[in-house]
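Q: Give the three-dimensional model of this entry:
(chains A, B and C)
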Amino acid sequence: MTLDLLRALASYVLTGAGLGFYLAGTLGLLRFPDTFSRLHALTKADNLGLGMLALGLAFQAQTWAEVAKLALIWALALLAAGTVAQLVSRSALVRGGR
Amino acid sequence: MAVFDLALCALILLAATAAVAGPGMFRAVVFFVVYGVLIALSWVRLGMPDVALAEAAIGAGLTGILLLGAVGRLARAGADEPEAPRIDWPVALATVAVAALLVWAVLSIAPGPGLAPQVAGMLPRTGVENPVTAVLLNLRAWDTLLESVVLLAALIGLWPLARGGAWLEPAGPLHHALPEGVLAGFGKLLPPVALLVGVYLVWAGASQPGGAFQGGTVLAAAGVLCIMAGLVRAPGMAEPLWRFALLVGPALFLALGVAGLVSGGFLVFPQALAKGIILVIEMFLTLSIAVTLALMVLGPPESGAAQ
Amino acid sequence: MTLYAVTGALLVALGLYGLIAARALLRRVVAFNVVGSGVFLMFGALGWHAGQADPVPQALIITGIVVALSASALAVGLVVAHARATGSQVLEDDAR
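A: From the prediction side, this is the model:
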């Protein structure tokens, strides 16, 4: 198995797994009854899906600079998602949960 | 790849329909932000990364913040939301006719060679390697100068709408983020990264996708975040330093354009100095764009006497 | 690519419907933005020749996006001021 084939395989497997996690998160968003359980599904599944997607794309990168940029995107998206989830849940708590 | 394009266009149309005709104002704005991100994706598919950056940052990001802030302000003003929109059939028929006309026009346009060869021919004389930056800041610098003045005019048009007529107060509504909370932490963590990314976008715009507008928008968003997190007080119109920051970009651009009269005409940059001139213009233009966009998105002052 | 140009044309029509028929003023601002980005999509997609993107439409579209934001900001300021003055999100002519 050549290195290129291994890289392509790793990319496909990781990206596919990431998409699977995103699908699971979306399913949770649509089917769960209230805000908190929906946030739970979104943060857990989507963040893991993002990590797998970034890792799968990193295998396709040509230089280490591209890998570093992908890592930065992953870190920023993670930070933003975590902050937003905290803010939404606090506002839902104040409003009485819906 | 055609399947991906079809799916993307279908999603774009669905998101736009939900934004324009769906029930609930908050829901419509959220779908508008999703629509903006999908449009940015379509710019990538069309091979236009500079436009994709601008659309994602300005079209989806800043416009989304603007509209969400507006929804909040309307709720606080006690304006009731009108009941769910019902379809207006005469207008719908008319717009279907317009759609048919436009689609027929699009399909019957015979594509010409475009201006890409001419721009590529002039590229070595413009001082930059990115053709879009060359067009924006050298070949069509007049449009960009007018655009920076339009931004300023829109901001000036916004200030008289201050609540209670107190237009010298700090911009935007009062923010009440917890001082040790999550938003404050995010506001402390993000601005250094945003500064790096914004300056990098402006610098890289000379030879790769990027530019003054994209970088300025990232800086403006970081500024709005700091103000929303309560870490920095919003600037007011009376402070001379902020007035200087608003004016320095367009003024310098205009001055360098007039100085070009010496070497051939208004906004004509001599080839030897072109790279330096464009760099200086971009630096100060980014500063002005960042401050103007941040103040526009924050809105007119609201801490005046309550009505 | 023609598919994106056709999508842009449909978006212009969709936004036009929202601009005329919507009653809430903020929805009209959203529809105005949809019309704007539809026009940009038409313009940009028609400038795509044989795998190479034309730089002049790109520069004009970037200018257009920024100007559309400034117009939206001014429009939103006016809508909020109107709502504070009259207490309603709808113009009097449209309130039926």
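Q: Please count neighbours and contacts with C-alpha atoms only from this point.
A: Will do.
Q: which residue is nearest the middle of chain B?
A: The centre of chain B sits closest to B:Ile58, judged by CA atoms, centre = their mean, with a distance of 3.5 Å.
Q: so it sits right up against C:Val66, yeah?
A: Yes: counting by CA atoms under 8 Å, a contact exists between B:Ile58 and C:Val66, whose distance comes to 6.9 Å.
Q: where in the chain is pLDDT low?
A: Since you didn't name a chain, this refers to chain A. Applying pLDDT under 70 to chain A picks out residues A:1, A:97-98.
Q: if you could check chain C rather than the one you did, that'd help
A: When residues are selected by pLDDT under 70, those of chain C lie in C:50-51, C:94-96.
Q: From the centre of it outward, give me the first residue you hit.
A: Closest residue to the average C-alpha location of chain C: C:Asn33 at 2.2 Å, with CA atoms, centre = their mean.
Q: for chain A, same thing?
A: In chain A, the C-alpha nearest the mean C-alpha coordinate belongs to A:Leu50, at 2.5 Å (CA atoms, centre = their mean).
Q: From B:Val150, how far off is the closest residue to the residue nearest to the centre of chain C other than its chain neighbours?
A: Distances taken as CA to CA, 6 or more residues apart in numbering or on different chains place C:Ala68 nearest to C:Asn33, at 7.0 Å, with adjacent residues excluded. Distance of C:Ala68 to B:Val150, computed by CA to CA, to the nearest Å: 10 Å.
Q: Could you do B:Val135 as well?
A: 19 Å.
Q: The two: which has the busier surroundings?
A: Ranked by neighbour count (other CA atoms under 10 Å in any protein chain shown), B:Val135 and B:Val150 place B:Val135 first, with 24 against 16.
Q: wait, is B:Leu231 part of a helix?
A: No: counting by DSSP: H, G, I helix; E, B strand; the rest coil, B:Leu231 falls outside a helix, being coil.
Q: give me phi/psi at C:Gln89?
A: Recorded main-chain torsions at C:Gln89 are phi -90, psi 0, according to degrees, to the nearest 10.
Q: Settle this for me: it is touching B:Gly78, isn't it.
A: No: at 9.4 Å, C:Gln89 does not count as touching B:Gly78 under the criterion of CA under 8 Å.
Q: More neighbours: which of those two?
A: Per other CA under 10 Å, whichever of C:Gln89 and B:Gly78 has more neighbours is C:Gln89, with 25 against 13.
Q: so who does that one touch?
A: The neighbours of C:Gln89, taking CA atoms under 8 Å, 6 or more residues apart in numbering or on different chains as the test, are B:74, B:79-82, C:24-26, C:79, C:82-83.
Q: rerun at 6 Å
A: Under the criterion of CA atoms under 6 Å, 6 or more residues apart in numbering or on different chains, the contact list for C:Gln89 reads B:79, C:24, C:83.
Q: B:Phe253: what's its closest spatial neighbour, skipping adjacent residues?
A: The shortest distance from B:Phe253 to any residue other than its chain neighbours is 5.9 Å, reached at B:Ile281 (CA to CA, 6+ apart).
Q: Neighbours of the one you found, how many?
A: Residue neighbour count, defined by other CA under 10 Å, stands at 21 for B:Ile281.
Q: Can I take it that it is in a strand?
A: No: going by three-state DSSP, the assignment for B:Ile281 is helix, not a strand.
Q: what's the spacing between C:Phe32 and B:Ala10?
A: Here C:Phe32 is placed at a distance of 20 Å from B:Ala10 (CA to CA).
Q: What ranges does the chain have for its helices?
A: Here I'm looking at chain A. Using DSSP state H, the helices found in chain A span residues A:3-31, A:35-41, A:47-58, A:64-95.
Q: that's the wrong chain, I wanted chain C
A: Applying DSSP H to chain C gives helices spanning C:2-21, C:25-46, C:55-86.
Q: Buried residues of the lowest-mean-pLDDT helix or strand in chain B, list them for me.
A: When the helices and strands of chain B are compared on mean pLDDT, DSSP states H and E, helix B:116-126 comes out lowest with a mean of 84. Residues of helix B:116-126 classed as buried: B:116, B:119, B:123, B:125-126 (neighbour count, 16 or more other CA atoms under 10 Å in any protein chain shown).
Q: could the residues you listed be laid out in a markdown table, adding distance to B:Arg163?
A: Converted to a markdown table, the buried residues of helix B:116-126 look like this (distance: CA to CA, whole Å):
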| residue | distance to B:Arg163 |
| --- | --- |
| B:Ala116 | 49 |
| B:Val119 | 48 |
| B:Leu123 | 49 |
| B:Arg125 | 50 |
| B:Thr126 | 47 |
